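A.B. asks: Coordinates for the following, if possible.
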Amino acid sequence: MNNSEFSEWGKKLERLAQAGVQKEIAEHKASNRSVFYERNGTTIMELPDGRCFEYRLQDGKIQIVSEVEKTNSTPKLTNA
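C.D. replies: Numbering: from 1, shown residues only. This is a model prediction of the structure:
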């Protein structure tokens, strides 16, 4: 496998992984569970109804900081 083929394989793998993440998020929300992720360094809790909140953990409990605007994009899998 040359570099070009490897690069294309990597891009295809990333697309498949992103599709899998989006499917899992949709199933999670359909089960009436919130989704937690980070957006530009801000921790976000997205409720099943689509509302989004910045939150912090304090003493192991979720503390809502403020409601934030929902973006049109689904959270993505990132290389953490």
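
A.B. asks: C-alpha only now, for contacts and for neighbours.
C.D. replies: Fine.

A.B. asks: What backbone torsions are found at S31?
C.D. replies: When quoted as degrees, to the nearest 10, the phi and psi of S31 stand at phi -90, psi 10.

A.B. asks: ok, now M45?
C.D. replies: Backbone dihedrals for M45, given as degrees, to the nearest 10, come out at phi -120, psi 120.

A.B. asks: Run through the residues that contact it.
C.D. replies: The neighbours of M45, taking C-alpha atoms under 8 Å, 6 or more residues apart in numbering as the test, are S34, V35, F36, Y37, C52, F53, E54, Y55.

A.B. asks: Show me the protein divided up by domain.
C.D. replies: The record's domain split for the chain, according to automatic domain parsing, is 1-31, 34-69.

A.B. asks: Mind jotting down where the strands sit in the protein?
C.D. replies: Listed in chain order, the strands found in the chain under DSSP state E are 35-39, 42-46, 52-58, 61-68.

A.B. asks: What are the buried residues along the third one?
C.D. replies: Put plainly, it is strand 52-58. C52, F53, E54, Y55, R56 (16 or more other C-alpha atoms under 10 Å).

A.B. asks: Tell me what the closest residue to I44 other than its chain neighbours is bridged to.
C.D. replies: For I44, the nearest residue in space outside its immediate sequence neighbours is E54; the separation is 4.7 Å by C-alpha to C-alpha, 6 or more residues apart in numbering. With DSSP bridges as the criterion, the beta-bridge partners of E54 are I44, S66.
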